[in-house]
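Peer 1: next comes the sequence, and after it the predicted model I'd like to discuss.
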Number of protein chains: 4
Amino acid sequence: MTDKIRVAVAGASGKMGREVVKMVLEEPAFELAAAVGRTSAGQDAGAAAGLPACGVTITGDLEEALRGGAVDVLVDFTVPQSAYDNTKTAITYGVRPVVGTTGFTPEQIDELDKLCRSRGIGGLIAPNFSIGAILMMRFAAEAVRYFPHLEIIEYHGDRKLDAPSGTSIKTAELISEVRGELKQGHPDEEEKLEGARGGYYNGFRIHSVRLPGVFAQQEVIFGAFGQTLRIRHDSYDRAGYMPGVKTAVQKVMTYTGLVYGFEHLMDGGEEKRS
Amino acid sequence: MTDKIRVAVAGASGKMGREVVKMVLEEPAFELAAAVGRTSAGQDAGAAAGLPACGVTITGDLEEALRGGAVDVLVDFTVPQSAYDNTKTAITYGVRPVVGTTGFTPEQIDELDKLCRSRGIGGLIAPNFSIGAILMMRFAAEAVRYFPHLEIIEYHGDRKLDAPSGTSIKTAELISEVRGELKQGHPDEEEKLEGARGGYYNGFRIHSVRLPGVFAQQEVIFGAFGQTLRIRHDSYDRAGYMPGVKTAVQKVMTYTGLVYGFEHLMDGGEEKRS
Amino acid sequence: MTDKIRVAVAGASGKMGREVVKMVLEEPAFELAAAVGRTSAGQDAGAAAGLPACGVTITGDLEEALRGGAVDVLVDFTVPQSAYDNTKTAITYGVRPVVGTTGFTPEQIDELDKLCRSRGIGGLIAPNFSIGAILMMRFAAEAVRYFPHLEIIEYHGDRKLDAPSGTSIKTAELISEVRGELKQGHPDEEEKLEGARGGYYNGFRIHSVRLPGVFAQQEVIFGAFGQTLRIRHDSYDRAGYMPGVKTAVQKVMTYTGLVYGFEHLMDGGEEKRS
Amino acid sequence: MTDKIRVAVAGASGKMGREVVKMVLEEPAFELAAAVGRTSAGQDAGAAAGLPACGVTITGDLEEALRGGAVDVLVDFTVPQSAYDNTKTAITYGVRPVVGTTGFTPEQIDELDKLCRSRGIGGLIAPNFSIGAILMMRFAAEAVRYFPHLEIIEYHGDRKLDAPSGTSIKTAELISEVRGELKQGHPDEEEKLEGARGGYYNGFRIHSVRLPGVFAQQEVIFGAFGQTLRIRHDSYDRAGYMPGVKTAVQKVMTYTGLVYGFEHLMDGGEEKRS
């Protein structure tokens, strides 16, 4: 018998999944109970993550991994197409989902919340596990109460397909809830190069920089008479998300119902969980 | 009869005082009731501030300026040696003090608070009127709950005498209240150039940069596994403090007792005033 | 008789012109010979610039100011519409032009160069007198030889009408001469918010931020495997251009012909002047 | 027979050595001829670097690795204590050294240069293989001709033992060659917290920040009337040095004699090699 939290990892072949496997294997309070991945099925999960073999073989079949009651938490970093089904399956088996995949509809989240409650377990869906990014968003939404003029610049690697980033859109949403719509810049301003002023979002602008060598950075800049205030978060590495995932795995054992957004598991977020 | 707030300015010859005179003359809701200054006594206050003459002659005598009941608020940007006496004098005349000078002892603040209450008027002593700087401090004190490793870098012009700046010390105090003492850096680290690691404050470091061309900037940098979070405030101009002074002049008309710290007049600061 | 350089200022009513008047009055090696300005004609030039009266009355008539042989250099910060005529007039009177206005055609520059040579005097037309901005451009054009992937972000006040800024376009031109056209970013990248990726220039992107409180800043960011290199210039004040204007007034006395670009008057630029 | 450059790696067990092994195995123009390392002797060099086994077994004996004429270049990232002997041994065997270890005396460099010339081969000793860092230093030394007031801030991880960093000292040396000694800051400035103003170097200051999450960053900030110019280099990863090592391995095949400093192998550095 063990007091360790038994964690299964879905998407164990992916970049984030391998980081999660590594974190679980290195965390004494956790035990790697199973690893699910299509492209690396049959390999040892530790070896696939660049560590010594750990004795857990990656399987292609999620249900096989969850069956038998030996799993407490499923960490899922897969793709939007499979995350909903995976999450539903996990809850059905009484396994708490910690999901880092995006693309859930409000209806799906509602349904999964009810499912969690009926099973008496907790769950988490979080587009962002970075404590720093969440603080950046929180501070930006606070600062805009005093400084309504702002722009967002986000930087990612040049292999990223979408612009602006999900985090910048999320930041813009949170800011807009406070600020409303206020059209910035000179009313007669003129772009001599189309797009120079960035993407328009409720009256302010979002700029997306894409360069090799950059992992993920974002700066929110507020300007006012005689001063600027800047809040900047730089991620250098996927590993930077692991402290958040680890906290999530521990906290999901302690409540009932599905929480959306890792910020609600941080201090001061308790009141937002029912 | 007028609904304008009648403002006297002490230190009207100084750099900040001239900015206050300018702000008061340009703000339709305010009226310049008097200007006090030693070195420019006899001059027109508007002209001394670089504006057209305004008809208010700078006087060297504070009591003369306050006497007669025609002043609502005294804005004082003088020097630590005279600020306590000026403030006491103002309250005695029933004039609300808004003081940007530092150097008050806790006992003095207590005494002046009682004096304000006995006269039934409000007052404010604030080392910093910059809304951006106050937000920077507030966010830093919040971030340190999650990221205990940080350093502070502050930048000022090369004519500044003291290092580190008052704002950086204040930030360090607020951070320390949350963080306690935690010694950062490698225990065996070695300075090959004395002072390279900066000033030591409760386990973290403060660095003071002094360069021509810089007015006042500060960055608080938090580092954690795979990420950094930075909160940076740049002041470009003394004028950047005037929105704060203006707010203070308006708010000091609305409450009773002496408030220490402009942050208590910002939204969300109400509960800290009794 | 005097050894001072006698300077006339055209555009003495404008923001830059007033700074030039101030610089000339405060520089012991210079003498303010005349000031030309439409909106402030009849005022004392010193007073109009916020200094004590200097005895030079602003005139609306450039020829009147230059006539009589008492002017060595004309500093012109007017508008594109009048700068060409002003410059021609100055040369005709044997007065060396130092022009900070943009909008000259290559043919006009050629013509004015010939005129300067036939009169045996020097002249300068310079879109930018900021030594820091010129170094930023020079370094960027050097760095791109090693790091072909870059983006430019420029920041200006929110009253600016055009985007991107003239300096950023000039920087982009100089970079392109070295780099050619190389399309950056993922070929399949997709703007979910139109304009988020900035203005397209020969394969890279320029982003224009417009915020109150900002004067003029620009950053060129180079990204490569595992690293970024950033070159950033911040101007806080029109006064920051005056060291360049002063140098130009002194140097224009020492050569023959019209120079285009202040960089040719900086050290190492000699070979570019014939 | 092969046209590939045959590379041996000394220090193959270390962090940098493993990156070099990886780079050599992944570069089609190179062949891994041998790997030398004490702590991992007997292991497969590829596997030790986190790649599939490559068939080259790490040996503890350098001479064994170099003997037999099958090696063109030795890349050495070991420790100061062994680098001199390793380099001498390599040259004796006719193997071109590319050394990333510091601590050579001028006399040793002289001696090794003569040895290289007598064997008719090239060699390189370079404290820094980062092209971006070298450009930062080059630009800083150029900018200081115009802006003599500067400070250096360097950021490294909190496990680093020495402060300031070698790169910042090297930057300070190059700047001092141009600038001489000029004491910055107010002559009466006073440190209220000892060390706040940083380490003193020929009149300017170096500040060393140490934080978890940071790999290696440096900013040189120049301040002048109304403006600042900043040159900043961020390294995110040891892998960022590999393009420089790769270039060095290729170039060392093409000249005779020992070059000190990777900058001499970059474009425009040719004239500094005899």
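Peer 2: Yep, that arrived. Numbers count the residues shown, from 1 in each chain, chains lettered A, B, ... in the order given.
Peer 1: contacts and neighbour counts: CA atoms only from here.
Peer 2: Noted.
Peer 1: is it correct that A:Val56 is in contact with A:Ala33?
Peer 2: Yes - at 7.5 Å, A:Val56 and A:Ala33 qualify as touching, with contact defined as C-alpha atoms under 8 Å.
Peer 1: ok, these two, which is more surrounded?
Peer 2: Legend: neighbour count by other C-alpha atoms under 10 Å in any protein chain shown for A:Val56 and A:Ala33, higher for A:Ala33 (19 against 16).
Peer 1: so the more buried one sits in a helix?
Peer 2: No - assigned with DSSP: H, G, I helix; E, B strand; the rest coil, A:Ala33 falls outside any helix and is strand.
Peer 1: would you agree it is in contact with A:Val71?
Peer 2: Yes - applying C-alpha under 8 Å, one finds A:Ala33 in contact with A:Val71, separated by 6.1 Å.
Peer 1: right, quick check: stretch A:230-247 against chain B, any contact?
Peer 2: Yes - Stretch A:230-247 is in contact with chain B by C-alpha under 8 Å from any C-alpha of the partner chain, via A:230-241.
Peer 1: pLDDT of that stretch, averaged?
Peer 2: Stretch A:230-247 comes out with an average pLDDT of 92.
Peer 1: near chain C, anything from that stretch?
Peer 2: No - no part of stretch A:230-247 sits near chain C under the criterion C-alpha under 8 Å from any C-alpha; the closest distance found is 9.8 Å.
Peer 1: quick one, domains of chain A?
Peer 2: A:5-125+A:239-272, A:131-236 (automatic domain parsing).
Peer 1: nearest to chain C, out of the residues of stretch A:230-247 next to chain B: which one, please.
Peer 2: Nearest to chain C among these, counting by C-alpha to the nearest C-alpha, is A:Tyr236 at 9.8 Å.
Peer 1: quick one, what contacts that closest one?
Peer 2: Contact analysis of A:Tyr236 by C-alpha atoms under 8 Å, 6 or more residues apart in numbering or on different chains lists A:214-216, B:226-227, D:213, D:236.
Peer 1: mind doing that once more with 10 Å?
Peer 2: By C-alpha atoms under 10 Å, 6 or more residues apart in numbering or on different chains, the contact set of A:Tyr236 is A:213-217, B:225-228, C:226, D:213-215, D:236-237.
Peer 1: which of those residues fall within strands?
Peer 2: Of the contacts of A:Tyr236, the ones assigned to strands by DSSP state E are A:216-217, B:227-228.
Peer 1: chain D next: which of those residues are close?
Peer 2: Among the ones in strands among the contacts of A:Tyr236, the residues within reach of chain D (C-alpha under 10 Å from any C-alpha of the partner chain) are B:227-228.
Peer 1: columns distance to D:Thr101 and neighbour count on top of the ones in strands among the contacts of A:Tyr236, output as CSV?
Peer 2: Below are these laid out as CSV (distance: C-alpha to C-alpha, whole Å; neighbours: other C-alpha atoms under 10 Å in any protein chain shown):
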residue, distance to D:Thr101, neighbour count
A:Ala216, 32, 19
A:Gln217, 32, 22
B:Gln227, 29, 25
B:Thr228, 29, 25
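Peer 1: remind me which helix or strand A:Glu63 belongs to.
Peer 2: According to DSSP states H and E, A:Glu63 maps onto helix A:62-66.
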